[in-house]
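Undergrad: Any chance you could fold what I've pasted below:
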Amino acid sequence: MNKSLIALALVGAFAAPAFAQEAPASPHTVTGNVSLATDYIFRGISQTNHKPAIQGGVDYSHASGLYAGTWASNVDWVSPGIEDNNSMEWDFYAGYKGAVTSDISYDLGVLQYYYPGDKKAGIPEADSTEIYAAASWKFLTLKYSHTVSSHLFGWTGYSNGTFNNDNTRGSGYFDLSSSFDLGNGWGVGAHIGHQTIKNNSAASYTDWKLGVTKDVGFGVVALAYTDTNAKGCGNVDRMYCWGANGDKDVGKARGVLSFSKSF
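TA: Got it, this is the predicted structure:
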């Protein structure tokens, strides 16, 4: 055989595997999610006055542990009391996730709650900013969120039955949650949380939740029971008695059915 042909064949033999190598995995990941729910419950409180909600978001994560995302839902508590022409909550967040061991991980970040609409002069905005830190061990997660904006969700100070001009910076929320994978697409979860409103103890409360989920292939169906000890319509302070007519106890026990899909 001609020597040049032999050399060409050898080059081809060694070059072929390199040509067939797969491209390295990208360190960037982008995912999306959408959900429908019979109620939007946040920290035990209905954000839609017990009406259905449609929600969705987009998340970006990097192999280093950095992440950022945005999420939105319809709401029905901001207007008309705090601002006009609002029907939406739009969140923005970013942070860093890391692991200490295979069983222990942590999460640090910042979250901005934004409520687009016409702001009212002299009334604290619903827009709020929190920083948070979470630690997880196997199926347990403990998280603390701390308010760094001047007010949390428009709350002001309250004493002797009267609202005052005190800000609510420094409010905090403790969240202890757990989740178990039962196999075959089934899962169960539990949660207990405590919200403190700085300078307004009447608006502070504890909430809890029990839930079950089922992955049905094209999405996840969830059923949850939530309840709180928040001061609703049957209380003197009525902190969580909302609605256009002031007759919606948004902190009472509630069952919520939802369907979500990630892509």
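Undergrad: Near the closest residue to residue 120 other than its chain neighbours, how many other residues are there?
TA: Closest residue to residue 120 apart from its sequence neighbours, by C-beta to C-beta, 6 or more residues apart in numbering: residue 83 at 5.6 Å. Bear in mind the C-beta positions are built from the backbone N, C-alpha and C, glycine included. Neighbourhood size, residue 83 [other C-beta atoms under 10 Å]: 19.
Undergrad: contacting residues around residue 83?
TA: By C-beta atoms under 8 Å, 6 or more residues apart in numbering, the contact set of residue 83 is 115, 117, 118, 119, 120, 123, 125, 126.
Undergrad: Can you select the buried ones among those for me in ChimeraX?
TA: Applying 16 or more other C-beta atoms under 10 Å to the contacts of residue 83, the buried members can be selected in ChimeraX as follows:
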select :115,117,119,125,126
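Undergrad: Next, format the contacts of residue 83 as JSON lines and append secondary structure, distance to residue 159 and pLDDT.
TA: As requested, these are exported to JSON lines (DSSP: H, G, I helix; E, B strand; the rest coil; distance: C-beta to C-beta, whole Å; pLDDT from 0 to 100):
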{"residue": "115", "secondary structure": "coil", "distance to residue 159": "26", "pLDDT": "98"}
{"residue": "117", "secondary structure": "coil", "distance to residue 159": "29", "pLDDT": "95"}
{"residue": "118", "secondary structure": "strand", "distance to residue 159": "30", "pLDDT": "95"}
{"residue": "119", "secondary structure": "strand", "distance to residue 159": "26", "pLDDT": "92"}
{"residue": "120", "secondary structure": "coil", "distance to residue 159": "23", "pLDDT": "92"}
{"residue": "123", "secondary structure": "coil", "distance to residue 159": "19", "pLDDT": "93"}
{"residue": "125", "secondary structure": "coil", "distance to residue 159": "22", "pLDDT": "95"}
{"residue": "126", "secondary structure": "coil", "distance to residue 159": "22", "pLDDT": "97"}
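Undergrad: which one of the contacts of residue 83 sits closest to residue 164?
TA: Among those, residue 123 lies closest to residue 164 (C-beta to C-beta), at 13.7 Å.
Undergrad: how near is that closest one to residue 45?
TA: As judged by C-beta to C-beta, to the nearest Å, residue 123 and residue 45 stand 20 Å apart.
Undergrad: Residue 74 now?
TA: For residue 74, the distance to residue 45 (C-beta to C-beta) stands at 15 Å.
Undergrad: Those two: which is more packed in?
TA: residue 45 (23 against 15).
Undergrad: Residue 228 is in contact with that one, correct?
TA: Yes: with contacts defined as C-beta atoms under 8 Å, residue 45 counts as touching residue 228 at a distance of 7.0 Å.
Undergrad: ok, what's across the strand from the residue nearest to residue 120?
TA: Going by DSSP bridges, residue 83 is paired in beta bridges with residue 119.
Undergrad: Now that we're looking at it, what pLDDT does it have?
TA: Note for residue 83: predicted pLDDT of 94.
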